[in-house]
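> Model the following, please.
(chains A and B)
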Amino acid sequence: MEPIRRIEGRTVVLPRKNVDTDQIIPARFLKVTDKEGLGRALFSDWRYDASGAPRPDFVLNRPEAAGSRILVAGDNFGCGSSREHAPWALLDYGFGAVISTRIADIFRSNALKNGLVPVVLDAESHARLLSAPGAEVAVDLESGTVTLPGGGTAPFAIDAFARTCLMNGLDELGFLLSQEPAIAAYEGAR
Amino acid sequence: MAEPRKPKTLFEKVWDAHLVRAETPDAPAILYVDLHLVHEVTSPQAFSALRERGVKVRRPDKTLATMDHSTPTLPRGADGRFPFVDAQAEAQVRALERNAADFGIELHGLGDEARGVVHVFGPEMGATQPGMTVVCGDSHTATHGAFGALAFGVGTSEVSHVLATQCLLQRRPRTLAVRVEGRLAEGVSAKDLILAIIAKLGVGGGTGHVLEYLGPAVRGLSMEGRMTVCNMSIEAGARAGLVAPDDVTFQWLSGRPRTPKGAAFAGAVAGWRLLSSDEDASYDREVVVDASAVAPWITFGTNPGQGIPVNGVIPDPAKEADAASRGSLEAALLYMGLAPGQRLLGHPVDAVFIGSCTNGRLEDMREAARALRGQRVKVRTLVVPGSEGVKRAAEAEGLDRVFRDAGAEWREPGCSMCIAMNGDHIGPGEYCVSTSNRNFEGRQGAGGRTLLASPLTAAAAAVAGAVADPRRLARRG
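Numbers count the residues shown, from 1 in each chain, chains lettered A, B, ... in the order given. This is a model prediction of the structure:
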């Protein structure tokens, strides 16, 4: 994985609460055996009508959304299934970070393993981002802060280990494989 | 010298026993996994990761695979071929066959007499046992917590971690006790109970927690009922749900293919009896639910927390506390084509689905048959057993005849219309009363509208062609 220190860019705002992984990528797109090109299926049922034409009122279809890097979403983003296709689709589309007031456990874990930064903010900072779609903001892993529209920053918590992995481009599988002696000792002691 | 005994919850007992290394502020715990269940949808990219690194599956003996999501629920054709929805679904199934063969994993694939929906299959095999850690690339892995196993869903990266190392990096979750007092009334099932609990906690209310279900109403549930309850823990945001094992559990496990036999089984039971929370153990949070107040439940919205008693009234978004909740409820009602103040009772439906890892077990089939015996369904009704074992057992009791005579379709085992990946789906705008676990937009087919309920409520809806109160049918017995 490429090391990630800072993600800068414009926001897209999806204020809905409880955006589930079936919305992020519907199940009919999960029949793949690789991870390629899933950005096309991102938010498919909200983005396209039954004929496959873009729905002009959906936020990702507006011209100003092009090139956005940061998704600001309502509370409890990514709830539902364990499909890692959800962060794969968000990353493939071009997002580098997701900001909410709560992010579902499995989605958060999956996001971290792929270099999509999950950011949980306090309600007030989150509200400022919600009310300023298209704002230029930066998610900084070094300082653990997000710059807010209109000035100032808000801190966010991120697991120390996950942060180290993101900032150094390390993957957890490599770390776990290096723990072989401890794993063998545990198995031997049972 | 021994430390003074610290009272522990069931979760803590299982967690502590599986620590290869305890967590520190700088690093998560390394948690050992006793059973890794694998299915075709979330595993191909994980096997690819192993191939890229040139690593093997560390413990094929602790890994067990089946296929359920992309598999057809119609039987083989005259040509002997399975009617896959498309080439991609077939390729995914073939990929698991190849991966299992290449990496030495026991696979119960299409045509195998033990195959089933992964969370029906694992317990039936006796692979899920009290005190184990169980993971699967599937959020409904929480099901296995019904046996007092710490069981949770993981993503595909973590599937590769477990395949390669039999371990996961995990932060210790918090604990939430759900005490269910009283007992469930006639016609009210485990499904109604868990839907009512989710409505109380909210769909994000259990985030970061492991739930433990306690109390007389939980003790009074069958294993099937406990599995239904634990299964939907994820719908409250909790990755895992637990029920301490007891005689009901041990009796259910006795004689399963992978459980110990004879004296070894008695020895295992003696150990399993220690797996309950200590009297004085404390939880991070606690909620109390009165089972006797739970009515047959049904969802009206687009998340499993948006539910009401079957004879209740749809809530008014204007009464929501904040703008976000108001907006969320308004969007749900718009999608569902329903209005505040409306009753669901009598609302016409287009389809009924009975099955899934939530309600695809023999007891669920019996409940549905109880309502369908001697009746005719008014709408398309799919009854999909959770496994080949459930199918055989149901047929041995003649339940398949009951369903067919009522005009329902009796299908081959699979996830089917719960996730609508395999060609089984409803149409845009259609209403389906479903015994599955998610009523998310489009879950049962793009534009489809799902009303989650118990097998009895679903069967009652099939007979009425509309949402119906199952208690009338239940009394018929």
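> mind listing what residue 113 touches?
Assuming you mean chain A. A:Lys113 sits next to A:Glu84, A:Pro87, A:Asp171, A:Glu172, B:Gly155, B:Ser157, B:Glu158 when contact means Cβ atoms under 8 Å, 6 or more residues apart in numbering or on different chains. For the C-beta atoms, the positions are set from N, CA and C on the backbone; glycine is no exception.
> look at chain B instead
B:Glu388, B:Gly389, B:Arg392.
> can you check B:Tyr335 too?
By Cβ under 8 Å, 6+ apart, B:Tyr335 lies in contact with B:Thr302, B:Glu441, B:Arg449.
> can you do 6 Å?
Applying Cβ atoms under 6 Å, 6 or more residues apart in numbering or on different chains to B:Tyr335 gives the contacts B:Thr302, B:Glu441.
> What average pLDDT does the strand or helix carrying it get?
With elements delineated by DSSP states H and E, B:Tyr335 resides in helix B:323-336, which encompasses its position. Averaged across helix B:323-336, pLDDT comes to 94.
> Same question for stretch A:179-190.
Computed over stretch A:179-190, the mean pLDDT rounds to 97.
> What of stretch A:96-116?
Here the average pLDDT along stretch A:96-116 is 98.
> so how far is the first residue of it from its last?
End-to-end distance for stretch A:96-116: 5 Å, by Cα to Cα, to the nearest Å.
> So residue 40, which state does it fall into?
By default, I'm working from chain A. At A:Arg40 the chain is in helix, as set by DSSP: H, G, I helix; E, B strand; the rest coil.
> and B:Leu31, what are its bridge partners?
B:Leu19, B:Leu168 (DSSP bridges).
> wait, what's in contact with it?
B:His18, B:Leu168, B:Gln170.
> and the longest helix anywhere in chain B with chain A, contact?
Taking DSSP state H as the criterion, chain B has its longest helix at helix B:87-103. Yes: against chain A, helix B:87-103 shows contacts by Cβ under 6 Å from any Cβ of the partner chain at B:Gln88, B:Ala89, B:Gln92, B:Ala95.
> Could you export those as TSV, including neighbour count and distance to B:Cys357?
Formatted as TSV, the residues of helix B:87-103 next to chain A follow (neighbours: other Cβ atoms under 10 Å in any protein chain shown; distance: Cβ to Cβ, whole Å):
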residue	neighbour count	distance to B:Cys357
B:Gln88	17	23
B:Ala89	22	19
B:Gln92	24	18
B:Ala95	18	22
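> in its sheet, what does the helix or strand following the helix holding B:Tyr335 sit against?
Remark: after helix B:323-336, the chain's next helix or strand is strand B:351-354, criterion DSSP H and E. Applying DSSP bridges, strand B:351-354 is found paired with strand B:380-383 (parallel), strand B:431-434 (parallel).
> So for A:Gly150, which of the ones you listed sits nearest?
strand B:431-434 (45.5 Å; Cβ to Cβ).
> what comes into contact with the very next helix or strand once past the closest one?
Next helix or strand after strand B:431-434 toward the C-terminus (DSSP H and E): strand B:449-452. Applying Cβ under 6 Å, 6+ apart, the contact partners of strand B:449-452 are B:Ile298, B:Thr299, B:Met336, B:Tyr431, B:Cys432, B:Val433, B:Ser434, B:Asn439, B:Arg443, B:Gln444.
> Which strands or helices does the longest helix of chain B pack on?
With contacts taken as 3 or more Cβ pairs under 6 Å, 6 or more residues apart in numbering or on different chains; DSSP states H and E, helix B:87-103 sits against no other helix or strand.
> Export the residues of helix B:87-103 next to chain A to TSV and append columns for pLDDT.
As requested, the residues of helix B:87-103 next to chain A are exported to TSV (pLDDT from 0 to 100):
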residue	pLDDT
B:Gln88	97
B:Ala89	98
B:Gln92	98
B:Ala95	98
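> can you tell if the lengthiest strand in chain A touches chain B?
As assigned by DSSP state E, the longest strand anywhere in chain A is strand A:6-14. No: Strand A:6-14 stays out of contact with chain B when judged by Cβ under 6 Å from any Cβ, the minimum separation being 11.4 Å.
> burial measure for B:Phe103, as a count.
Residues lying near B:Phe103 (other Cβ atoms under 10 Å in any protein chain shown) number 18.
> Excluding sequence neighbours, find me the nearest residue to it.
B:Val57 (4.4 Å; Cβ to Cβ, 6 or more residues apart in numbering or on different chains).
> B:Val384 too?
B:Gly355 (3.3 Å).
> Same question for A:Arg16.
Nearest non-adjacent residue to A:Arg16 (Cβ to Cβ, 6+ apart): A:Gly74, at 4.7 Å.
> my guess is the one you found meets A:Lys17, correct?
Yes: if you go by Cβ atoms under 6 Å, A:Gly74 and A:Lys17 touch, sitting 4.1 Å apart.
> the more surrounded of the two?
Taking neighbours as other Cβ under 10 Å, A:Gly74 and A:Lys17 compare with A:Lys17 leading, 24 against 21.
> ok, that one - contacts?
A:Gly74, A:Asp75, B:Ala324, B:Ser328.
> related to what we said a few turns ago, buried set for the longest helix of chain B?
In terms of neighbour count (16 or more other Cβ atoms under 10 Å in any protein chain shown), helix B:87-103 has its buried residues at B:Gln88, B:Ala89, B:Glu90, B:Ala91, B:Gln92, B:Val93, B:Ala95, B:Leu96, B:Asn99, B:Ala100, B:Phe103.
> Can I get these in JSON lines including distance to B:Thr66?
As requested, the buried residues of helix B:87-103 are arranged in JSON lines below (distance: Cβ to Cβ, whole Å):
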{"residue": "B:Gln88", "distance to B:Thr66": "19"}
{"residue": "B:Ala89", "distance to B:Thr66": "15"}
{"residue": "B:Glu90", "distance to B:Thr66": "16"}
{"residue": "B:Ala91", "distance to B:Thr66": "18"}
{"residue": "B:Gln92", "distance to B:Thr66": "13"}
{"residue": "B:Val93", "distance to B:Thr66": "11"}
{"residue": "B:Ala95", "distance to B:Thr66": "14"}
{"residue": "B:Leu96", "distance to B:Thr66": "9"}
{"residue": "B:Asn99", "distance to B:Thr66": "13"}
{"residue": "B:Ala100", "distance to B:Thr66": "10"}
{"residue": "B:Phe103", "distance to B:Thr66": "15"}
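> Could you pull out the residues contacting both of A:Gly74 and A:Lys17?
B:Ala324.
> could you dump the biggest strand by length in chain B to PDB, C-alpha only?
Longest strand in chain B, counting residues (DSSP E): strand B:174-181. Output in PDB follows, covering the C-alpha atoms of strand B:174-181 (Å, rounded to 0.1, in the frame of the first residue of the first chain):
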ATOM      1  CA  ARG B 174     -17.100  -3.200  25.000                       C
ATOM      2  CA  THR B 175     -19.900  -5.400  26.500                       C
ATOM      3  CA  LEU B 176     -23.600  -4.700  26.500                       C
ATOM      4  CA  ALA B 177     -26.000  -6.900  28.500                       C
ATOM      5  CA  VAL B 178     -29.400  -7.300  27.000                       C
ATOM      6  CA  ARG B 179     -31.600  -8.700  29.800                       C
ATOM      7  CA  VAL B 180     -34.900 -10.200  28.600                       C
ATOM      8  CA  GLU B 181     -37.300 -10.600  31.400                       C
END
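> re earlier: model confidence for the residue nearest to A:Arg16, exactly?
96.
> burial count for residue 49?
Using chain A. Counted with other Cβ under 10 Å, the neighbours of A:Asp49 add up to 13.
> Not quite, go with chain B.
Neighbour number of B:Ala49 under other Cβ under 10 Å is 19.
> residue contacts, it?
With Cβ under 6 Å, 6+ apart, B:Ala49 has these contacts: B:Ser160.
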